[in-house]
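S.K.: okay, sequence plus prediction incoming.
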Amino acid sequence: YLLEKAQTEFNVKLIPIEEQHKENVNRIWASSYTKLLAFNQTQYSRVIHLDSDSTLLSSLDELFFIPPAPVVVPKAYWLPTPKLSSHIMLLTPSSAMFAKIQKEVEKATKGTYDMEIINSLFGSTCSILAHQAYAILTGEFRSPDPEHKAFLDSATLEWDPDRVMGEAKFVHFSDYPFP
């Protein structure tokens, strides 16, 4: 019903896709490769991909004014050694880049998922999106670090959950190991 409504009332163009699923990997992330199909949406000049287990708190239109780049993503600030995340991506679709991504997906085994592919292909060359506004994880609100140093990324700020939520535009429902 909602998809029909989106089509009829808001002129949304629906494009069916085939899930990109692998059997030889961890079941939690076995379909995470599907989001990488966004790189093949070459009928658009730029695409914002949002993971389905997320919610928007306000418009992201300003992202389209970021200077063009193959991909703009936040850092996975919650990891001990931060790398790039992929739960939100501003990208420039490209057939050539999609072909490279598909090769990486084909050879992926347990431990190689969408984030690892993004890091492998773009790790040293991509633009970074501010994680505080665009990439907070719900798990941050139960972080064992009372100062939330990794999230705040600054010695001058103090953790204030109300301020954090007031400034957030996009929240990812991720609180591993909880499903």
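M.R.: Yep, that arrived.

S.K.: for this structure, just list every one of the strands.
M.R.: Along the chain, counting by DSSP state E, strands occupy 47-50, 54-56, 71-74, 88-91, 127-129, 136-137, 170-172.

S.K.: partners of the fourth one, with directions?
M.R.: When you say that, I think you mean strand 88-91. Note on strand 88-91: by DSSP bridges, its sheet partners are strand 47-50 (antiparallel), strand 71-74 (antiparallel).

S.K.: winner for burial among those?
M.R.: Each of these was scored by mean neighbour count; the highest is strand 71-74, a mean of 24, by mean count of other C-beta atoms under 10 Å. For glycine as for every other residue, the C-beta is placed from the backbone atoms N, C-alpha and C.

S.K.: convert that one to CSV, retaining C-alpha atoms only.
M.R.: Output in CSV follows, covering the C-alpha atoms of strand 71-74 (Å, rounded to 0.1, in the frame of the first residue of the first chain):
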residue,chain,number,x,y,z
VAL,A,71,31.7,8.8,-2.6
VAL,A,72,31.3,10.8,0.7
VAL,A,73,30.8,8.7,3.8
PRO,A,74,31.3,9.1,7.6
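
S.K.: which residues does stretch 140-153 contact?
M.R.: Residues external to stretch 140-153 that are found in contact with it (C-beta atoms under 8 Å, 6 or more residues apart in numbering): 77-78, 82, 131-132, 136, 158-159, 161, 164, 175.

S.K.: which among these gets closest to F122?
M.R.: For the contacts of stretch 140-153, the minimum distance to F122 (C-beta to C-beta) is 14.4 Å, reached by P82.

S.K.: now do the contacts for the closest residue in space to S85 that isn't next to it in sequence.
M.R.: With sequence-adjacent residues excluded and distances taken as C-beta to C-beta, 6 or more residues apart in numbering, S85 is closest to A76, at 4.1 Å. By C-beta under 8 Å, 6+ apart, the contact list for A76 reads 82-85, 115.

S.K.: one more: P82?
M.R.: Here P82 is in contact with 75-76, 150 (C-beta under 8 Å, 6+ apart).

S.K.: please apply the same query to T125.
M.R.: P70.

S.K.: buried ones from the contacts of stretch 140-153, can you make that a PyMOL selection?
M.R.: Selection of buried members from the contacts of stretch 140-153 for PyMOL, criterion 16 or more other C-beta atoms under 10 Å:
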select buried, resi 77+78+131+132+136+159+164
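
S.K.: closest to E18 among the contacts of stretch 140-153?
M.R.: So of those, ranked by how close each gets to E18 (C-beta to C-beta), first place is D175, at 29.1 Å.
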